[in-house]
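J.: Next come a sequence and a model predicted from it.
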Amino acid sequence: MSYPKRTAALASVAALAGSAVLMAAPAAVAEVVNVNYQCKTPIGDKSAVSPIDIKGVKSGGGYKLTMSWQKGVSSSPVDLGKGAMNPSATIKLGGADSGTMSVTGPANQATVPANTPIKISDLTGTYTPKKSGKVTFTAGVLTIKALGTT
């Protein structure tokens, strides 16, 4: 993956932590887990710890998953105007299922000032179980597209 040299870009962020959700429950809630991010950006490596919560709510034949950040991650050296930042992430599946799924969220609704921790909006996606049983969800890679770069 090549990184354009825009200093405001935030790149893929690897997250290593886990949360479990029992898929048999109508509304399943996992505990909040501190996730240590190791950010790879065009302006140098950064790290941040953010508590993350992954919740599942029954929706038709699947579950709507919501990945929530309790505080901001990393920062940008320049202002990120309204709509300049688009977050997405992967969630690793474990237990009775395997693989990954994607969650996405809206662009930032307000300007993020320079050198301020970036608060990620809730990311959502739909998980459709392939097997019955307990499925675990682990925060995967967070990607922030900002100012036309990843």
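T.: Arrived safely, thanks for sending.
J.: Point out where this structure drops to low pLDDT.
T.: Along the chain, segments meeting pLDDT under 70 span 1-30, 39, 41-44, 148-150.
J.: Let me see the ranges of the helices in it.
T.: Under the criterion DSSP state H, the chain carries no helices.
J.: can you count the residues close to Gln52?
T.: Heads up, residue 52 is Ile, not Gln. For Ile52, the count of nearby residues is 27 (other Cβ atoms under 10 Å). For every residue, glycine as well, the C-beta is placed using N, CA and C.
J.: again with Gly62
T.: Gly62 is flanked by 15 other residues according to other Cβ under 10 Å.
J.: Would you mind measuring from the closest residue to it other than its chain neighbours to Thr104?
T.: Nearest residue to Gly62, sequence neighbours excluded (Cβ to Cβ, 6 or more residues apart in numbering): Thr128, at 3.9 Å. Computed as Cβ to Cβ, to the nearest Å, the Thr128 to Thr104 distance reads 16 Å.
J.: Check Thr124 too.
T.: Per Cβ to Cβ, Thr124 is found 7 Å from Thr104.
J.: Repeat that for Trp69.
T.: 14 Å.
J.: For the two, indicate the residue with more neighbours.
T.: Neighbour comparison, Trp69 and Thr104: the larger count goes to Trp69, with 23 against 14 (by other Cβ under 10 Å).
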